[in-house]
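*Asks:* got a sequence here, can you build the structure:
(chains A and B)
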Amino acid sequence: MADVAIPRAKPQMSEASAWTQLKYNRNWLGFWFMVPAMAFLIFFLAYPLGLGIWLSFTDTRIGRVGQFIATENYEWLWDDSIFWLSVFNTLLYTFVASAFKFAIGLYLALLLNEHMPFKAMLRAMVLIPFIVPTVLSALAFWWIFDSQFSIISWSLKQLGLISQNINFLGDTTWARICVIFANVWRGVPFVAITLLAGLQTVSPSLYEAATLDGATRWQNFRYITYPLLTPIIAVVMTFSVLFTFTDFQLIWAMTRGGPVNATHLMATLSYQRAIIAGQLGEGAAISSAMIPFLLAAIMVSWFGLQRRKWQQGESND
Amino acid sequence: MSSVQIRDVRKSFGNFEVLHGVTIPIEDGQFVVLVGPSGCGKSTLLRMLAGLENITSGTISIGDRVVNNVQPKERDIAMVFQNYALYPHMTVAENMGFSLKLRNAGSDEINKRVKRAAEILALSPLLDRYPRQLSGGQRQRVAMGRAIVRDPQVFLFDEPLSNLDAKLRVAMRTEIKELHQRLKTTTVYVTHDQIEAMTMADKIVVMHDGIVEQMGTPLELYDKPDNQFVAGFIGSPAMNFLKGHVRVNGVATFEGPNGVKLPLKTAPAGSDGRPAVYGVRPEHFTIADDGAEAEIIVVEPTGSETQVFAKVGGEQVVAVFRERHQFNPGDKVRLKPDPSLVHLFDDATGKRMNA
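*Replies:* Numbers count the residues shown, from 1 in each chain, chains lettered A, B, ... in the order given. The predicted structure follows:
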């Protein structure tokens, strides 16, 4: 096999030309295979990211080329209470929603991993929130939480539990609860299905062995399922946190950041300042301010994802 | 240590019955091997004994206690799985001590018992390794260590050697047998490999299609198989079967395919003319002038013995010789079965006819 790639030096040929060497160089060939992917990533990821960071150091407005103003945008944001509110909102939104998504997702995954009737259908049903376009489900939630036509308010009134409509999206606390609820609803299938895939890689004989060793159902989970699932949990929760932190569609469709900026996330605030208000530089600065948080999340998962000692060594099969 | 009684046990999955009333008495300290082709229900029976499957009807008792409705963990049994089922995220020591930990044993107690089991199985230098870092044979020993640590009433083995290569399998076979001789714990061992059964068992239970075909010591089964199935299953190379009729005119003989005459020591009373199956083990042929005519097809020397495939009356038979004959394919020889060692089975029922 290797003989093909490394031609033997023939006695009469004193030295291979640079071009010949290059022709047979596997790294050079490999480079060309990577070019399309690299071009794609540079054009659609690296360039916009670089441009965004550059814009955050300028006073660019829509329709007007900006001047380099160093960190003025950031200094301005530092004293902007709405910006800090959006940071707080984003962190709250991310932590609460991710925690619920993890808990409910894990519960559903464990449930779907059991033998039960209509298993395949139930698994398919769990995926529904994931399939529906985000904006459509956001619109549905918008109606569900509408101040006048909310089905929840209507039902509770019919049951005689409340006498007045709940102003779901008009009250700051309720609005936060509602958008977090919608996000959890949408995010659970991803967590559940991924964790279910992880659960199915655990050999049933491990549970049998543990049962014979005297483990209760809880101990089976605590000592077998959970430790074997941690690598998958690290991956799925990293993605979940990143998606939640950068969420835009749900909020924009449901509340546009209101009421009184109570549901403004960094992403929605950035959009509002950059596109609606036209302050591209300032909007870019808000977006760029998300980078440290996202890096921190990635670092956490990086360490979480490192191969555990028991995963090293030759394969188990 | 305990005796185990399996009484008229049946098992159905839905409407499909896989075990049709199995009764197996197992004495205290015995090494019993359940052997049979795949699908015969032997693993199901073992899992019922472990408590991993429900018992549809009949009873299983361990010691004096009927365990039909006893939780697996309260049955005081330990099982070695085919794929070992080692916990991949635990070290060898943690794997072995897991059951004790679940029982809230003190760490001194756990250490002491894990250390003792590790010494028995020569695992002491590997206690801090993870299963992935072990070879197949070492994993197998850890699985046994996990069972030993618990000091259970009964050991259960579910085809424990089938994932090992041939050489290691032979070595582990001896190790398991040695371990049993040392610990004297009642053991139920499931395998599809009759060699494993023959070499390890105090008592072999041959199962087939959900019933027990025969129980007995390895040599009983080898010397006096109750029926044609057991005769064909036990022994390697397998017993030769030739169909034909019993003839009794003064001297008992067997008329095989195409009129081949084969010797019989005695014929069962009233069996003249009955259709029957003549069974002879490959090692019970000799070359003799009064033997049946045979044409040699293939000769396979293994060094210690030579397997000869030949045609007798148009049917292929295998003969094994320890002495070194000079045979070539196409040669005509005369093969004579030892009449005192041949088996006769009823053609219709497969039951043994001769004493």
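
*Asks:* can you list the low-confidence ranges for the stretch 51-200 of chain A?
*Replies:* Along the stretch 51-200 of chain A, no part satisfies pLDDT under 70.

*Asks:* tell me where it has strands.
*Replies:* With DSSP state E, counting those that start in this stretch as the criterion, the stretch 51-200 of chain A has no strands.

*Asks:* who in it is up against chain B?
*Replies:* By Cβ under 8 Å from any Cβ of the partner chain, no part of the stretch 51-200 of chain A sits against chain B. All C-beta spots, glycine's among them, are computed from the backbone N, C-alpha and C.

*Asks:* which residues in the stretch 51-200 of chain A form helices?
*Replies:* A:72-78, A:81-112, A:119-126, A:128-131, A:134-144, A:151-158, A:172-199 (DSSP state H, counting those that start in this stretch).

*Asks:* now name the helix or strand holding residue 215.
*Replies:* I went with chain A, as the question did not name one. Using DSSP states H and E, A:Ala215 falls within no helix or strand.

*Asks:* you looked at the wrong chain, it should be chain B
*Replies:* Taking DSSP H and E as the criterion, the element that holds B:Met215 is strand B:211-216.

*Asks:* next helix or strand past that strand?
*Replies:* Immediately after strand B:211-216, counting by DSSP H and E, sits helix B:218-223.

*Asks:* show me what the helix or strand just after that following helix is packed against.
*Replies:* Next helix or strand after helix B:218-223 toward the C-terminus (DSSP H and E): helix B:228-233. If contacts are counted by 3 or more Cβ pairs under 8 Å, 6 or more residues apart in numbering or on different chains; DSSP states H and E, helix B:228-233 sits against strand B:203-208, strand B:211-216, strand B:240-249, strand B:275-280, strand B:343-346.

*Asks:* which parts of the longest one are buried?
*Replies:* Neighbour-count burial for strand B:240-249, counted by 16 or more other Cβ atoms under 10 Å in any protein chain shown, picks out B:Asn240, B:Phe241, B:Leu242, B:Gly244, B:His245, B:Val246, B:Arg247, B:Val248.

*Asks:* sheet partners, orientation included, of it?
*Replies:* Strand pairing for strand B:240-249, determined by DSSP bridges: strand B:251-255 (antiparallel), strand B:275-280 (antiparallel).

*Asks:* next one: it to chain centre, how far?
*Replies:* 29 Å (Cα atoms, centre = their mean, to the nearest Å).

*Asks:* and the contacts of it?
*Replies:* For strand B:240-249, the external contacting residues (Cβ atoms under 8 Å, 6 or more residues apart in numbering or on different chains) are B:228, B:231-232, B:252-257, B:260, B:262, B:264, B:267-268, B:271-282, B:312-313, B:315, B:317-318, B:344-345, B:347, B:353.

*Asks:* still on that earlier bit, mean neighbour count, the helices of the stretch 51-200 of chain A: which tops it?
*Replies:* helix A:172-199 (a mean of 20; mean count of other Cβ atoms under 10 Å in any protein chain shown).

*Asks:* partner strands of the strand holding B:Met215 and their direction?
*Replies:* The strands beside strand B:211-216 in its sheet (DSSP bridges) come out as strand B:203-208 (antiparallel).

*Asks:* average pLDDT for the strand holding B:Met215?
*Replies:* Mean per-residue pLDDT for strand B:211-216: 93.

*Asks:* C-alpha coordinates for it, CSV please?
*Replies:* What follows is strand B:211-216, C-alpha atoms only, in CSV (Å, rounded to 0.1, in the frame of the first residue of the first chain):
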residue,chain,number,x,y,z
ILE,B,211,-36.6,-30.7,27.0
VAL,B,212,-33.9,-32.6,28.8
GLU,B,213,-32.6,-35.4,26.5
GLN,B,214,-30.4,-37.0,29.0
MET,B,215,-28.6,-36.3,32.3
GLY,B,216,-25.5,-38.1,33.6
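
*Asks:* what does that strand rub up against?
*Replies:* Strand B:211-216 has contacts (Cβ under 8 Å, 6+ apart) with B:20-24, B:36, B:203-207, B:221, B:225-227, B:229-230, B:233.

*Asks:* so among the contacts of strand B:240-249, which ones count as buried?
*Replies:* Neighbour counting by 16+ other Cβ under 10 Å classes B:228, B:231-232, B:252-256, B:260, B:262, B:264, B:267-268, B:271, B:274, B:276-282, B:312-313, B:315, B:317-318, B:344-345, B:347, B:353 among these as buried.

*Asks:* might you name the residue of the stretch 151-300 of chain B sitting closest to chain A?
*Replies:* B:Leu156 (8.6 Å; Cβ to the nearest Cβ).

*Asks:* SS state for that residue?
*Replies:* strand (DSSP: H, G, I helix; E, B strand; the rest coil).

*Asks:* residues of the stretch 101-250 of chain B that sit close to chain A?
*Replies:* B:Leu102, B:Arg103, B:Tyr130, B:Pro131, B:Arg132, B:Gln133, B:Arg146, B:Arg150.

*Asks:* contacts only, for the last one.
*Replies:* To tie it back to what came earlier, the one meant is B:Arg150. A:Asp213, B:Asp76, B:Ala78, B:Ser99, B:Leu100.

*Asks:* could I get the strands paired with strand B:240-249 as JSON lines with mean pLDDT?
*Replies:* Formatted as JSON lines, the strands paired with strand B:240-249 follow (pLDDT from 0 to 100):
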{"stretch": "strand B:251-255", "mean pLDDT": "86"}
{"stretch": "strand B:275-280", "mean pLDDT": "92"}
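
*Asks:* and the ones you listed: which comes nearest A:Leu45?
*Replies:* Closest to A:Leu45 of those, according to Cβ to Cβ: strand B:275-280, at 76.2 Å.

*Asks:* helix or strand next in line after that closest one, which one?
*Replies:* Downstream of strand B:275-280, the next assigned helix or strand under DSSP H and E is strand B:285-301.

*Asks:* re the thing from before, just the contacts of B:Arg150 now: which is nearest B:Asn328?
*Replies:* Distances from B:Asn328 to the contacts of B:Arg150, taken by Cβ to Cβ, are shortest for B:Ala78, at 54.7 Å.

*Asks:* what number of residues lie near that closest one?
*Replies:* B:Ala78 has 25 neighbours, counted by other Cβ atoms under 10 Å in any protein chain shown.

*Asks:* is it true that it touches B:Asp158?
*Replies:* No - judged on Cβ atoms under 8 Å, B:Ala78 makes no contact with B:Asp158 at a distance of 11.7 Å.

*Asks:* distance of A:Phe83 from B:Glu109?
*Replies:* According to Cβ to Cβ, to the nearest Å, A:Phe83 stands 60 Å off from B:Glu109.

*Asks:* name the residues of stretch B:157-165 that are buried.
*Replies:* B:Phe157, B:Asp158, B:Glu159, B:Pro160, B:Leu161, B:Leu164.

*Asks:* which among those residues gets closest to B:Glu295?
*Replies:* Proximity of these to B:Glu295 was ranked by Cβ to Cβ; the top entry is B:Leu161 with 38.8 Å.

*Asks:* my guess is the closest one contacts B:Gln140. True?
*Replies:* Yes - here B:Leu161 reaches B:Gln140: they are 7.4 Å apart, a contact under Cβ under 8 Å.
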